[in-house]
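1. sequence first, then the predicted structure:
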Amino acid sequence: MKYLLVLAVLWVAIWLWRKNRREEMQDAMRERAAKAQRTPAPSGPPQAMVRCAHCGLHLPATEAIAGPGGAVYCSTAHREAATRQ
């Protein structure tokens, strides 16, 4: 009779432990799903891209450096190198 009582207490303890563990796992899965559904804020409208006349690098038109003859460059060094040639 004593062993039956110990077995019943052990069974209840294991059942409670597994139930708590299952709930924690479900909460973690809900958090992961919520985090995956969040989308980052848009970074802004698309920008026009131009190509450096010296090296061919594509960069936003707002960051380009104007050169002689309407050419655009990615840096002042490339603009100066093109004017020397």
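-> Alright, I've got the coordinates.
2. can we go C-alpha only for contacts and neighbour counts from here?
-> Noted.
3. would you mind measuring from Leu16 to Val9?
-> 11 Å (Cα to Cα, to the nearest Å).
4. does anything pack onto whichever helix or strand Val9 is part of? Which helices or strands?
-> Using DSSP states H and E, Val9 sits within helix 2-37. With contacts defined as 3 or more Cα pairs under 8 Å, 6 or more residues apart in numbering; DSSP states H and E, helix 2-37 has no helix or strand neighbours.
5. so what touches the helix or strand that it is followed by?
-> Using DSSP H and E, the helix or strand that follows helix 2-37 in sequence is strand 49-51. Residues outside strand 49-51 that contact it (Cα atoms under 8 Å, 6 or more residues apart in numbering): 57-61, 64, 72-73.
6. give the buried residues for strand 49-51.
-> 50-51 (16 or more other Cα atoms under 10 Å).
7. quick check: neighbours of it in the sheet, parallel or antiparallel?
-> strand 58-60 (antiparallel) (DSSP bridges).
8. now Lys61: how far from Glu80?
-> Not Lys; residue 61 is Ala. Applying Cα to Cα to Ala61 and Glu80 gives a distance of 19 Å.
9. neighbour count: those two, which is higher?
-> Neighbours around Ala61 and Glu80, counted as other Cα atoms under 10 Å, are more numerous at Ala61. The numbers are 16 against 13.
10. would you confirm that the more buried one contacts Cys52?
-> No: Ala61 lies out of contact with Cys52 (Cα atoms under 8 Å); the separation is 10.1 Å.
11. break the protein into its domains for me.
-> 1-39, 49-84 (automatic domain parsing).
12. check the secondary structure at Cys55 for me.
-> Secondary structure assignment for Cys55 (DSSP: H, G, I helix; E, B strand; the rest coil): coil.
13. what ranges in this protein fall below the confidence cut-off?
-> 39, 41 (pLDDT under 70).
14. grab the most central residue of it for me.
-> Pro40 (8.2 Å; Cα atoms, centre = their mean).
15. measure stretch 54-74 end to end?
-> 8 Å.
16. return the residue of the chain that is most distant from the centre.
-> Met1 (60.5 Å).
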